[in-house]
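1. Here's a sequence, model it:
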Amino acid sequence: FNSAFVIMESVYDLHDWAEPSFFLRLDLFFSFIYVFELAGKLSVWSFQEYWNDVDNRFDFITSLVLGAAGMSVMFLSLNKGILRYLNM
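-> A predicted model of the protein is given here:
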């Protein structure tokens, strides 16, 4: 579902169409889903076990970046475009 949403956002961007207001909420939703997935894995595995898998390293870094960007949009009134580009 996230892939379809990213494609839909890209279509809006390429055509310079105004985005519906729910796009920001969906961006934040997906960002926090990844953060919660990270927290869930770390609640079961030790950090060392988690970090041994290269895929998990990528997930860890991207989840932290997306979570920080989402929090910035929510609490610091950061431009929502930044979250969109980080989500891609």
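
2. Could you pull out the buried residues of the strand or helix carrying Asp27?
-> Per DSSP states H and E: Asp27 is located in helix 22-44. Neighbour-count burial for helix 22-44 flags Phe23, Leu24, Leu26, Asp27, Leu28, Phe30, Ser31, Phe32, Tyr34, Val35, Leu38, Lys41 (criterion: 16 or more other Cβ atoms under 10 Å). C-beta: built from backbone N, CA, C; applies to glycine.

3. ditto for stretch 6-23
-> Glu9, Phe23.

4. let's number from 31 now, not from 1
-> In the new count, where the first residue is 31, that last one comes out as stretch 36-53.

5. Span of it from start to end?
-> Using Cα to Cα, to the nearest Å, one end of stretch 36-53 lies 10 Å from the other.

6. for Glu49, helix, strand, or coil?
-> coil (DSSP: H, G, I helix; E, B strand; the rest coil).

7. what does the model give the residue nearest the centre of the chain for pLDDT?
-> The residue lying closest to the centre of the chain (Cα atoms, centre = their mean) is Ser61, at 2.9 Å. What the model reports as pLDDT for Ser61 is 82.

8. next one: Leu116
-> Confidence score, pLDDT, at Leu116: 59.

9. Equivalent analysis for Ile112, please.
-> Listed pLDDT for Ile112 reads 63.

10. for Glu79, same thing?
-> So, for Glu79, pLDDT stands at 95.

11. Check the one 3 residues further on too.
-> Reading off the confidence values, Asn82 has pLDDT 95.
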